[in-house]
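Q: Using only what follows, build the 3D model:
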Amino acid sequence: MSYVSLVPFRKESGVSATSYVPAGVEMIEAPSQWKETSQGTGNIIAVIDTGCQTDHPDLQHQIVGGRNFTSDYYGAPSMIEDNNGHGTHVAGTIAAAGNGLGIAGVAPKARLLILKALNGAGSGSMQGIIEAVRYAVSWRGSNEEQVRVISMSLGGPQDVPELHEAIKEAVAADIAVVCAAGNEGDGDAGTEEFAYPGAYNEVIQVGAVNFSTKLTPFTNTNDEIDLVAPGASILSTYTGSSYARLSGTSMAAPHVSGALALVTNWAESGFGRRISEPEMYAQLLRRTVPLGYPLSAEGSGLLKLGIVERLAQTIQSEVAVR
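A: You can find the predicted model right below:
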């Protein structure tokens, strides 16, 4: 069985001071949607990564369960502690509590299922990833809660049919699967770079831009990119109850994973029913803005959660003028 590793990322700095709402969360306009989406309440997001610091002040009340699929901690299934830092950073971008002690994630009231499929060195077996995906699909909470989103900031060069099948099973169960595009990009949108599972058509593949809305030079480009999100110098939670700025498509993907909790709540409140994975995807892409790059680089564009509201206000103003 082949191995998978963290989509390569760069740790730029550890920081002692924190910002209540990190710039990436602001950039996708998550705070503007918190009131009408209840900050993602009721959504469970499975994070398949290196684990999570379970007693981090911003995350300790966000975690509803987890499982270890690695040999770390002698393979004890209940040991989901992060011995790398990457998983804790991803988890914070998705759902840090915004409790006044540190930072707020995109969906501060969503909850996290921590699935440790990568070890302290940032690698793991493809079989472990497959088992983690299937665990997320079958998981049920104490009140029969189910996972709505799987977030994977990892990848490998090989197309593994069994992994593809597991992802298809997740999507068929109306779980949105969000994956980092990968950081093997050469700065040329005309060349294609593929990492799996991000390159599978069924997943939501996320590329990275910086805070100037410029495509990062490292982000993969290919014909399966769905959208882009902030992925350069992203502030989030880190091991040791600390915070750090990291860069990579690993950091872009969790912005989208958290956004799906907000979008889902908005849509289900409006429709008065549970929505399907295709509907989640459609509602997500409605909230993107083209940046002018080829589709192979930006997909539908940059995630901007407030764009639907602004368009509605513009139309109402035009009607009023008439």
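Q: in what helix or strand does residue 115 lie?
A: When elements are assigned from DSSP states H and E, residue 115 belongs to strand 111-116.
Q: Tell me the helices and strands packed up against that strand.
A: On a contact count with 3 or more Cβ pairs under 8 Å, 6 or more residues apart in numbering; DSSP states H and E, strand 111-116 meets strand 44-49, strand 63-68, helix 86-95, helix 126-138. C-beta here means a position set from N, CA and C on the backbone, and glycine is covered the same way.
Q: avg pLDDT for it?
A: Mean pLDDT, computed over strand 111-116, is 98.
Q: quick one: strands adjacent to it?
A: Note on strand 111-116: by DSSP bridges, its sheet partners are strand 44-49 (parallel), strand 63-68 (parallel).
Q: winner for burial among these?
A: The highest mean neighbour count among the strands paired with strand 111-116, using mean count of other Cβ atoms under 10 Å, belongs to strand 44-49: a mean of 29.
Q: what are the C-alpha coordinates of it, in CSV please?
A: Extracted C-alpha coordinates of strand 44-49, given in CSV (Å, rounded to 0.1, in the frame of the first residue of the first chain):
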residue,chain,number,x,y,z
ILE,A,44,-19.6,18.1,12.4
ILE,A,45,-16.4,18.4,10.3
ALA,A,46,-14.0,15.4,10.2
VAL,A,47,-10.3,16.5,10.1
ILE,A,48,-8.0,13.8,8.6
ASP,A,49,-4.6,15.0,9.6
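Q: next one: it to chain centre, how far?
A: The chain centroid and the centroid of strand 44-49 are separated by 8 Å, computed with Cα atoms, centre = their mean, to the nearest Å.
Q: and the angle from it to helix 86-95?
A: Per axes from the mean of the first three to the mean of the last three Cα atoms, to 10 degrees, the angle that strand 44-49 makes with helix 86-95 is 160 degrees.
Q: Can you give me the neighbour number for residue 61?
A: Using other Cβ atoms under 10 Å, the number of residues around residue 61 comes to 10.
Q: any chance you could map the helices in this protein?
A: Counting by DSSP state H, the chain has helices at residues 23-27, 34-37, 86-95, 126-138, 161-172, 249-271, 277-285, 295-298, 307-321.
Q: confidence score at the most centrally placed residue in the chain?
A: With distances taken as Cα atoms, centre = their mean, residue 254 lies nearest the centre of the chain, 2.1 Å away. Confidence at residue 254, expressed as pLDDT, is 98.
Q: my guess is it contacts residue 88, does it?
A: No: taking Cβ atoms under 8 Å as the definition, residue 254 is not a contact partner of residue 88, at 11.2 Å.
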